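1. Whatever this is, show me its structure:
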Amino acid sequence: MGNAVLTRAAVCVLACSGACVALGRAPAPARAAEPVAPKLREVRRIWDEAPHNAFTDLTRFRGRWYCVFREGKAHVSPDGALRVLASADGKTWKPTARITSATADLRDAKISETPDGRLMLNGAGALHPPSPTRHQSLAWFSSDGAEWGTGIPIGDPDMWLWRVTWQKGVAYCLGYNTNPDRPKRFNRLYSSRDGANFATLADRITPLESPGEHALVFLPDDTCLCLLRRDAGTFAAQLGRARPPYREWTWRDLGVRIGGPEMLRLPDGRLVAGVRLMDGRTRTALCWVDPEAGTLREFLTLPSGGDTSYCGFVWHEGDLWVSYYSSHEGKAAIYLARVAIPLS
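-> Numbers count the residues shown, from 1 in each chain. As a prediction, the model looks like this:
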């Protein structure tokens, strides 16, 4: 009986197919499979030794992982130091350096590799009174991740140089004004060929009030995209675009408030950002950035909450590796996540 039913069903299918051809209508195409969604493979706490551990960045250098961040007594405290951790496998981490200053709270560590094969660590010093200058950005260099030498002042006083991005042998970085005596906060695009001597490439590249932290991505045609935080007005993040020599910029309002931006172009061309989202529930989120539509859309929330964000990104062996900090388990600690993102 079952075989008879199957036979009749098959006849009906063939008859329908023939009818469609006879009427000039092709059978409906098979529905494409839904793309595989990104998935959090694992997340681990890698450091919590200081009372407050925050503001991370991540890189791979000579086959080893390096994670950098600030240690201090609190989110803002005069004792801020920059900690460097290293790992061979991303699981076991050991400290290799701790950079301190007698005259400043060191903040916002960022790490990159220079064209001549060294590690570059940059951050900003919040100078202790009675210094007439509030902030001075600094850079350190190392060939082994352990010995860093003396910090070199970079950029202008009271211009906070944030994330350095290297493109074709040139370092690019936005700085934002922190001097309260100037009319309002503005930003300045710097460039450098050695990471130590930064010159102004373009001043006030956005007319919007209170630009802040940023992330740069360079496309294959040398177009530069900038994901930019804002701390006034609508507080909405901005996405900038410029062609060489990067002096003229256009901006799109993303309509979302963010903090601590990081951005990476995947091998398939998509743009992923790591940000603090502040829409009633503060968290560290991974988002798709669509520069044509002018949108930033969350696709994964990392385990996080409270005092959190400031990601570092590395694409390695088909996964996105993400450093960040969060206080959702108590005090602010450093975490490392691996996220599987199937390429399109």
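
2. Got the phi and psi for the nearest residue to V68 once chain neighbours are set aside?
-> Spatial nearest neighbour of V68, excluding adjacent residues (Cβ to Cβ, 6 or more residues apart in numbering): A109 at 3.9 Å. No exception for glycine: its C-beta is placed from N, CA and C like everyone else's. Note on A109: its backbone torsions stand at phi -70, psi 130 [degrees, to the nearest 10].

3. What of V339?
-> Residue torsions, per degrees, to the nearest 10, at V339 are phi -120, psi 120.

4. residues near it, how many?
-> 21 (other Cβ atoms under 10 Å).

5. Which strand or helix spans the closest residue to it other than its chain neighbours?
-> In space, and not counting its chain neighbours, V339 is closest to L320: 4.5 Å by Cβ to Cβ, 6+ apart. With secondary structure defined by DSSP states H and E, L320 is part of strand 319-326.

6. mind listing the helices for the protein?
-> For the chain, applying DSSP state H gives helices covering 2-22.

7. Find the centremost residue of it, please.
-> E262 (1.3 Å; Cα atoms, centre = their mean).

8. ok, now which ones touch the residue nearest to V68?
-> F55, T56, D57, V68, F69, R70, L82, R83, L121, N122, G123 (Cβ atoms under 8 Å, 6 or more residues apart in numbering).

9. tell me which of the residues you listed is nearest to L219?
-> When those are compared for distance to L219 (Cβ to Cβ), D57 wins out at 22.1 Å.

10. so how far is L254 from that closest one?
-> 23 Å (Cβ to Cβ, to the nearest Å).

11. and if you look at T133?
-> On the measure of Cβ to Cβ, T133 and L254 end up 33 Å apart.

12. neighbour-wise, which of the two wins?
-> Legend: neighbour count by other Cβ under 10 Å for T133 and L254, higher for L254 (23 against 13).

13. measure the more buried one to L227 for me?
-> In terms of Cβ to Cβ, L254 sits 8 Å off from L227.

14. Now do the shared contacts for the two.
-> A237, Q238, L239, L296.

15. which of these lies closest to R276?
-> Scanning those for proximity to R276, where the rule is Cβ to Cβ, the winner is A237, at 10.6 Å.

16. what residues are up against that closest one?
-> Contacts of A237 (Cβ under 8 Å, 6+ apart): L227, L228, R229, R230, L254, V256, R257, I258, P261, V275, L296.

17. top of those by neighbour count?
-> V275 (29 neighbours).

18. Is it bridged to anything, and to what?
-> Taking DSSP bridges as the rule, V275 bridges to A285.

19. Verify the contact between it and V289 for me.
-> No. Using Cβ atoms under 8 Å as the test, V275 is too far from V289 to be in contact (9.7 Å).

20. what touches both of the two?
-> By Cβ under 8 Å, 6+ apart, the residues touching both V275 and V289 are L227, L296.

21. Just give me the neighbour total for the nearest residue to A139 once chain neighbours are set aside.
-> Once flanking residues are discounted, A139 sits nearest to N122: 4.5 Å by Cβ to Cβ, 6+ apart. By other Cβ under 10 Å, 29 other residues sit near N122.

22. So N122 sits against W160, correct?
-> No. The pair N122 / W160 is not scored as a contact, 10.6 Å apart, by Cβ under 8 Å.

23. Quick check: neighbours shared by those two?
-> Common neighbours of N122 and W160 (Cβ under 8 Å, 6+ apart) are S137.
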